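Q: Here is the input, now give the coordinates:
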Amino acid sequence: MTTTQTQQARYDAEIEIEEPAPISGRRLTTSSGASAAVVDEAIEVRDAAGRLLFEYDAATGKGALVMPEGDLTLKAPRGNIDLIAGKSISLGTKQLTMTAERADVTFADMTYRSVRLTAAVEQAHVVVDRIEQVASNVLLRAREVVRHVEGLDQTTAGRVRALIRGAYSLKAERASVLAEDDVKIDGKRVNLG
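A: Numbering: from 1, shown residues only. As a prediction, the model looks like this:
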């Protein structure tokens, strides 16, 4: 053992390292009146008016961050911000704005409720195994609609009306029109065959 090590060993033996004394009740205060304190098992930070801004309760493991007035900003200009919760995350506000160059959203189960929805999408690609739509009224406006159905395309309706300004063409391998009442074909000329 070197001389320095021997001296350090003697010094360590002479000084008993004690547990730090509890500092509950002590308060640090800035010149403007903001303060931080340990109260029982909790660490508190208060503003100049004495309102709680931050609290960590070591006994329960709960933390709270509050901004009674003004704005709260979380920034990581050169990094990420992760919000991770084991159970749930709740957002409550009068207005929510989200902006990103790219967004990936994944849910195992999702419910969306809204009074009104406005969506402007340049291009959409939707792949769904099964879709069910329930609506009182549906209004579809499009420049062109092209549908490809491999199996059955069935419409069940009280009445069906098609108003076509130009030509109407129906092509089928076999066609059948069944009516329980009259069938009317009206035109300047009717060509059969």
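
Q: Doesn't residue 43 lie inside a strand?
A: Yes - with DSSP: H, G, I helix; E, B strand; the rest coil as the criterion, residue 43 is part of a strand.

Q: what about the residue nearest in space to the middle of the chain, is that helix, strand or coil?
A: Nearest residue to the geometric centre of the chain (C-alpha atoms, centre = their mean): residue 105, 7.3 Å. What three-state DSSP gives for residue 105 is coil.

Q: Look at it and report its pLDDT.
A: Residue 105 is assigned a predicted lDDT (pLDDT) of 93.

Q: now residue 21
A: Confidence score, pLDDT, at residue 21: 47.

Q: Walking through this structure, point out its helices one by one.
A: Counting by DSSP state H, the chain has helices at residues 3-14.

Q: low pLDDT regions in it?
A: 1-25 (pLDDT under 70).

Q: what about the residue lying closest to residue 53 once chain neighbours are set aside, how many residues close to it?
A: Once flanking residues are discounted, residue 53 sits nearest to residue 45: 4.9 Å by C-beta to C-beta, 6 or more residues apart in numbering. For glycine as for every other residue, the C-beta is placed from the backbone atoms N, C-alpha and C. By other C-beta atoms under 10 Å, the residues close to residue 45 number 16.

Q: Look up which residues are beta-bridged to residue 45.
A: When bridges are taken as DSSP bridges, the partners of residue 45 come out as residue 36, residue 54.

Q: Against residue 117, how distant is it?
A: Using C-beta to C-beta, to the nearest Å, residue 45 is found at 41 Å from residue 117.

Q: Same check on residue 42?
A: In this view, residue 42 and residue 117 are 44 Å apart by C-beta to C-beta.

Q: neighbour-wise, which of these two wins?
A: Neighbour totals were compared for residue 42 and residue 117, and residue 42 leads with 18 against 6 (other C-beta under 10 Å).

Q: Next, count neighbours for the closest residue to that one other than its chain neighbours.
A: Closest residue in space to residue 42, ignoring its immediate chain neighbours: residue 57 at 4.5 Å, by C-beta to C-beta, 6+ apart. Using other C-beta under 10 Å, residue 57 has 15 other residues around it.
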